[in-house]
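Novice: One predicted model, sequence on top.
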Amino acid sequence: GSQAFNFGFEEPAFLRRDLALGLSFGYSETDSQNRAYDTQDITGSASLSFPVSEFGRASVLYGIEQNEISDVSAATSAIIAADAGTRINSFIGLGYVYDTRSGGLNPDAGVRLSFDVEYAGLGGDAEYIRATTGAIAERSILREEVTLRASFEAGALYSISGNSHINDRFFLSSRQMRGF
């Protein structure tokens, strides 16, 4: 099994300005039920976002996380076995979001486009650049009783020193891919 706890807070009018301050903390762990190893992750981050256009916002972020891989079975690949142990990542990030879903010319439709880039290497055990992008299109139908939504996510990871770590890589989960 697994368990996860997340806490997030955002003050949308920080210093009584159109400046959003965000804080988030998380804890998750998995056991060997679905994998040949156990994980434990503790994360924390702080962000500041501000408007740059009518529908656009830019953000800066600092985050730190501790990842642990333990109880690696003997049948596990050598690549995963090499990642066993505890490590710390410290990273900064920049982001941009363009969102017309709650405004814009058509109140029944809108899009959200996002782009984020992180640099890890401000201390800690990893040095990489990770970029992610996303697109969401929404449209209300049937007198705004039903909302149709299509979403797309993509990312790239470039490890500056050494090989990438399993906790830094992208994985497809049930949150991203759903059946019909």
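Specialist: Yep, it's here.

Novice: low pLDDT regions in the protein?
Specialist: Across the chain, the ranges flagged by pLDDT under 70 are 32-34, 172-180.

Novice: Just want the most central residue of it.
Specialist: With distances taken as CA atoms, centre = their mean, Thr132 lies nearest the centre of the chain, 8.4 Å away.

Novice: That residue and Leu157: what is the separation?
Specialist: 9 Å (CB to CB, to the nearest Å). (C-beta placed from N, C-alpha, C; glycine too.)

Novice: re the thing from before, which ones are touching the residue nearest to the centre of the chain?
Specialist: The contact partners of Thr132, by CB atoms under 8 Å, 6 or more residues apart in numbering, come to Ser114, Phe115, Asp116, Val117, Glu153, Ala154, Gly155.

Novice: Where does it sit, in terms of helix or strand?
Specialist: strand 128-141 (DSSP states H and E).

Novice: strands paired with that strand, and their directions?
Specialist: strand 109-124 (antiparallel), strand 146-159 (antiparallel) (DSSP bridges).

Novice: want to try JSON lines for these, with distance to Val72 as columns?
Specialist: Formatted as JSON lines, the strands paired with strand 128-141 follow (distance: least, CB to CB, whole Å):
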{"stretch": "strand 109-124", "distance to Val72": "22"}
{"stretch": "strand 146-159", "distance to Val72": "21"}
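
Novice: Over to the residue sitting furthest away from the middle of the chain. Which of the three states is it?
Specialist: Computed with CA atoms, centre = their mean, the residue of the chain farthest from its C-alpha average is Arg143, at 33.5 Å. Three-state assignment for Arg143 (DSSP: H, G, I helix; E, B strand; the rest coil): coil.

Novice: I'd guessed Tyr128 sits against Leu157; true?
Specialist: Yes: contact criterion CB atoms under 8 Å: Tyr128 and Leu157 qualify, at 6.0 Å.

Novice: what's the overlap in contacts for the two?
Specialist: Ser164, Asp168.

Novice: what about those two, which has more around it?
Specialist: Tyr128 (19 against 16; other CB atoms under 10 Å).

Novice: now, of the strands paired with strand 128-141, which is deepest in the fold?
Specialist: strand 109-124 (a mean of 16; mean count of other CB atoms under 10 Å).
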